[in-house]
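A.B. asks: Could you work out the structure for the sequence below:
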Amino acid sequence: MISEKNPLRRWLLQLFFTGPTIVFFCIAVMVPFAYGLYMTFHTVSSPLDPLQFAGLANYREAFQDENFWAAMWLTVKFVLATVILINILGFLLAFLVTSGVRFQNFFRTSLFTPNLIGGLVLGYIWQFIFVQTLPAIGEKFNIEWLRLGWLGDETMAFWAIVIVSIWQSAGYMMIIFVAGLVNVPKDVLEAATIDGANGWQRLRAVTLPLMVPSFVVTVFLTLKNAFMVYDLNYSLTEGGPYGSTTMVSMQVVQKAFTENNYGVGQAEAFVLFLIVAVITGLQVYFSKKMEVSA
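C.D. replies: Have a look, this model is predicted:
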């Protein structure tokens, strides 16, 4: 009633609560983004050098950069592997810890814990496992595929990053799926059971369609995280061996800070941003069309 009679007071209250968030969002996100976009149209070899207008030259060089597109293609393969496996495993784990199994709360906490470890620390932990622990086990039990150094082989190094990404993220997606499974109406499941549906039929025809909102969130998060992976890529392999595991985010950083080509690096970063925005936007749009109500 007060807000309807006094719109100025309502506006001031809204500004009081949302103002600091808006200010910090602009400082931390919008201003750097705008300046980065501005840099894509200029040539600069170091932060201290003056900007020289270059037009679309940085974008032309970015599109002609074979290393950038090779890293992009590798990242696409990484995205496909991790998005599918993380969501499947996350859903299976959620189904397990909501099925009434003993110590299910302990399992929820344990499976979520890897997500609390930072990517750099996690990468160094698993680097020790792949370089020291697994070869030692392979040597002791004469297991050839464990004896080989995972991070020294191009194919195995890629799958090492995939495995660690799944181990880190599956527990987080499990929590989202748990929330979705808990909210599936019990009366709908009971009605399906009365109609003669078995466990698989209830899962396929009732549970999964009602879980679409959860899948919208988890697929969006895994897509975004996989395209933007950097810390795990850096700490686990540093792009090796011989640049075979350099993901696109690492390629952008190397272009800007290692090669001191900030303009092209920013242009490649903006191209990456557009690709991720389009893909995730389409994913959310089409996934929303699949949602059903109980």
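A.B. asks: Averaged pLDDT, stretch 209-226. What do you get?
C.D. replies: Averaging pLDDT along stretch 209-226 yields 92.
A.B. asks: any weak-confidence spans in the stretch 101-250 of the chain?
C.D. replies: By pLDDT under 70, the stretch 101-250 of the chain has no low-scoring segment.
A.B. asks: Where do the helices of it begin and end?
C.D. replies: Ranges of helices in the stretch 101-250 of the chain, per DSSP state H, counting those that start in this stretch, are 104-112, 119-128, 134-141, 144-147, 154-182, 186-194, 199-202, 208-210, 212-227, 231-236, 248-253.
A.B. asks: List the buried residues in the first one.
C.D. replies: Meaning helix 104-112. 107, 108, 111, 112 (16 or more other CB atoms under 10 Å). C-betas here are computed from N, CA, C, even on glycine.
A.B. asks: Of the residues you listed, which is the nearest to residue 163?
C.D. replies: residue 111 (15.4 Å; CB to CB).
A.B. asks: Apart from its neighbours in sequence, what residue is nearest the closest one?
C.D. replies: residue 171 (3.9 Å; CB to CB, 6 or more residues apart in numbering).
A.B. asks: distance of that neighbour from residue 127?
C.D. replies: Counting by CB to CB, to the nearest Å, the separation of residue 171 from residue 127 is 21 Å.
A.B. asks: who's more crowded, these two?
C.D. replies: residue 171 (24 against 18; other CB atoms under 10 Å).
A.B. asks: Does that one touch residue 115 like I think?
C.D. replies: Yes - assessed by CB atoms under 8 Å, residue 171 is found in contact with residue 115 at 5.4 Å.
A.B. asks: quick revisit: any idea how far residue 256 is from the residue nearest to residue 111?
C.D. replies: Counting by CB to CB, the gap from residue 171 to residue 256 is 33 Å.
A.B. asks: is it true that residue 212 touches residue 291?
C.D. replies: Yes - taking contacts as CB under 8 Å, residue 212 lies within contact range of residue 291: 4.7 Å.
A.B. asks: Any chance of the buried residues of helix 104-112 in JSON lines with distance to residue 225 as columns?
C.D. replies: As requested, the buried residues of helix 104-112 are arranged in JSON lines below (distance: CB to CB, whole Å):
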{"residue": "107", "distance to residue 225": "23"}
{"residue": "108", "distance to residue 225": "21"}
{"residue": "111", "distance to residue 225": "17"}
{"residue": "112", "distance to residue 225": "16"}
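A.B. asks: Pick the one among these closest to residue 251.
C.D. replies: The nearest member of the buried residues of helix 104-112 to residue 251, counting by CB to CB, is residue 112 at 31.4 Å.
A.B. asks: wait, isn't that closest one in contact with residue 173?
C.D. replies: No - assessed by CB under 8 Å, residue 112 is found out of contact with residue 173, at 9.9 Å.
A.B. asks: circling back: of the helices of the stretch 101-250 of the chain, which approaches residue 40 most closely?
C.D. replies: Ranking these by proximity to residue 40 (CB to CB) places helix 248-253 first, at 11.8 Å.
A.B. asks: list the buried ones in whichever helix or strand comes after the closest one?
C.D. replies: Next helix or strand after helix 248-253 toward the C-terminus (DSSP states H and E): helix 262-288. Residues of helix 262-288 classed as buried by neighbour count (16+ other CB under 10 Å): 262-272, 276, 279-280, 283, 287.
A.B. asks: cool, stretch 60-67 as well?
C.D. replies: Burial within stretch 60-67, assessed by neighbour count using 16+ other CB under 10 Å, is assigned to 61, 62, 65.
A.B. asks: what's it in contact with?
C.D. replies: 68, 243, 246, 251, 255, 264, 267, 268, 271 (CB atoms under 8 Å, 6 or more residues apart in numbering).
A.B. asks: What of stretch 69-83?
C.D. replies: Contacts of stretch 69-83 (CB under 8 Å, 6+ apart): 158, 161-162, 165-166, 169, 219, 222-223, 226-227, 229, 245-251, 272, 275.
A.B. asks: Give me the buried subset of those.
C.D. replies: 158, 161-162, 165-166, 169, 219, 222-223, 226-227, 229, 245-251, 272.
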